[in-house]
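Engineer: Below: sequence and its predicted model.
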Amino acid sequence: MKKLRFFTIVICVLCFSSFAFASSSGSDIEKPQDKYAILLAHGMAANEKIFGLVDYFYGVQGWLEDKGWTVYQTGDKVSQWNDAMHKGAEFTDVFYNEILPRAKADLGNDVKFHVIGHSHGCLYTRYALSIGSNNNPPIAPYVVSHTSLCGPHRGSTVCDLLFNNRDNLGGIIADVMNMPIMEDVLGWLNIDIVDGVLDPLFKFLDGVGLEQGEVSALNNAVNLSTYGANFIFNKNVPNAPGVNYQSWASTVTGHNPLRGINLLFNPTYGYMRHPTNGDKVENTAQLYNALKGPNDPAFSLNNTINYGGHPTTIGALLEGYNDGLVDEQSAKWGTYRGLLKGVEINLLIASVDEGGVDHFQINNNLIGNTPGFSPKDFWVDELLPTLEDYSN
């Protein structure tokens, strides 16, 4: 009888333990994915798709959804080429009119978002978090975290190069190629880059349906220059309280033979590694002073502008690691998670220490052409765990 009673107790304990374990690990337990969603924000020169054909975040949405997350993107209503202020307002309206209603239907009324921006997408989403639009308030109450990937938070010296050489295409080519003689050879190319090239290009893109509304190249130049980013945009777009900000940067190494000659980013990578030229930095400030006016939209942000600071403090951006467009120091915002360099590649005749990760490869939008770097491993094994931490 005692043995029977003992076995009865053991069986009851085991059954209770199994029931408790099943209850604690079953579908009733709320996971981060149950009420948190991911929202991807594209950068410049594209929408959710590049030229309407190829995904901007190539393969990324599928990787995240395979891990149980609900993922939304900006769609095609956030401009490709407009400045961060206009795009931030557009993003705000898309969020309230389309994305939030869908997410509430999918995940419930208490849904929260992790916003992930790439490149210019890091800036206009910051604007949406803190400023909003004329039609809708800031989106921060619905956002838990903001992740920046290669974001030009403190501007891009490549933009400074264009801005300081508006009428000197030869000078631009000479600086990027590090061949001063090119300025003399191409000195006859005295076309204004902003008024003569970029603005007509934007009008053409709008005419063929690849842009949404009028775009000002000057506005964009102001936003993305080191002076405008630091002393205009950042001074007027503070971080939103209660939102966790984090960031990653990447760098081109120029030593990866498997990638071949990177015609776009190896030259600009080399240019950004050059020591600062104080005269050009000063010229940037002079240009701003000559151009700015009380009614000039390029220099207006909610009608409150702060022109404080001195431009020479930005000179350090011209040195160090960069992805061909954005310097590591410029990409840092909030909690800095690190610099992506790629991994060692073993070749038949040599070993490459770092594969390099240029501005586009961090989110795989060159259709998987990322030798020495696995975007999937980065997104799934490095980025996702941080979002899970922020969700708890």
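Structural biologist: Yep, that arrived.
Engineer: Would you double-check that L40 falls in a strand?
Structural biologist: Yes: looking at L40 with DSSP: H, G, I helix; E, B strand; the rest coil, it is inside a strand.
Engineer: D184 and F57, how far apart?
Structural biologist: 43 Å (CB to CB, to the nearest Å). In short, each C-beta sits where N, CA and C put it, glycine included.
Engineer: Specify which residue of those two has the higher count of neighbours.
Structural biologist: More neighbours surround F57 than the other of D184 and F57, with 25 against 9 (other CB atoms under 10 Å).
Engineer: Report the contact partners of the more buried one.
Structural biologist: Neighbouring residues of F57 by CB atoms under 8 Å, 6 or more residues apart in numbering: 40, 42, 73, 118, 363-365.
Engineer: Next, it: secondary structure please.
Structural biologist: Per three-state DSSP, F57 ends up coil.
Engineer: Just the pLDDT for it.
Structural biologist: pLDDT recorded at F57 is 94.
Engineer: same thing with H146?
Structural biologist: pLDDT at H146 comes out at 98.
Engineer: can you check the one 4 residues further on too?
Structural biologist: Confidence per residue is given as pLDDT, and for C150 that number is 96.
Engineer: Would you confirm that it contacts G117?
Structural biologist: No: applying CB atoms under 8 Å as the test, C150 and G117 come out as separate, 9.5 Å apart.
Engineer: Please say which of the two ends up with more neighbours.
Structural biologist: C150 (33 against 28).
Engineer: quick one: contacts for that one?
Structural biologist: Counting by CB under 8 Å, 6+ apart, the residues that C150 touches are 118-119, 122, 248-250, 323, 325-326, 331, 359, 362.
Engineer: Please, where are all the strands along this protein?
Structural biologist: Ranges of strands within the chain are 36-41, 49-50, 54-55, 70-73, 112-118, 143-149, 244-250, 335-340, 345-346, 351-352, based on DSSP state E.
Engineer: Make JSON lines from those and add distance to L218 to it.
Structural biologist: As requested, the strands of the chain are exported to JSON lines (distance: least, CB to CB, whole Å):
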{"stretch": "strand 36-41", "distance to L218": "23"}
{"stretch": "strand 49-50", "distance to L218": "25"}
{"stretch": "strand 54-55", "distance to L218": "30"}
{"stretch": "strand 70-73", "distance to L218": "29"}
{"stretch": "strand 112-118", "distance to L218": "23"}
{"stretch": "strand 143-149", "distance to L218": "25"}
{"stretch": "strand 244-250", "distance to L218": "27"}
{"stretch": "strand 335-340", "distance to L218": "31"}
{"stretch": "strand 345-346", "distance to L218": "42"}
{"stretch": "strand 351-352", "distance to L218": "41"}
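Engineer: which one of those lies closest to V197?
Structural biologist: strand 49-50 (21.3 Å; CB to CB).
Engineer: quick one: low-confidence parts of the stretch 101-250 of the chain?
Structural biologist: 185, 187-188, 211-212 (pLDDT under 70).
Engineer: all helices of it, in order?
Structural biologist: Under the criterion DSSP state H, counting those that start in this stretch, helices of the stretch 101-250 of the chain are mapped to 120-130, 157-164, 169-177, 181-185, 199-207, 217-224, 226-228, 234-236.
Engineer: deepest of those helices, which one?
Structural biologist: helix 120-130 (a mean of 27; mean count of other CB atoms under 10 Å).
Engineer: what about dumping the CA coordinates of that one to CSV?
Structural biologist: Only the C-alpha atoms of helix 120-130 are listed here, as CSV (Å, rounded to 0.1, in the frame of the first residue of the first chain):
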residue,chain,number,x,y,z
HIS,A,120,19.0,58.5,-45.5
GLY,A,121,16.3,56.4,-43.9
CYS,A,122,18.0,57.0,-40.6
LEU,A,123,17.5,60.7,-40.8
TYR,A,124,13.9,61.0,-42.0
THR,A,125,12.7,58.4,-39.5
ARG,A,126,14.4,60.4,-36.7
TYR,A,127,12.4,63.4,-38.0
ALA,A,128,9.2,61.4,-37.9
LEU,A,129,9.9,60.3,-34.3
SER,A,130,10.5,63.8,-33.0
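Engineer: And for that helix, what's in contact with it?
Structural biologist: Contacts of helix 120-130 (CB under 8 Å, 6+ apart): 40-44, 74, 78, 84-85, 87-92, 95, 115, 117, 138-140, 143, 146, 148-153, 223-224, 229, 233, 237-240, 243, 247, 333.
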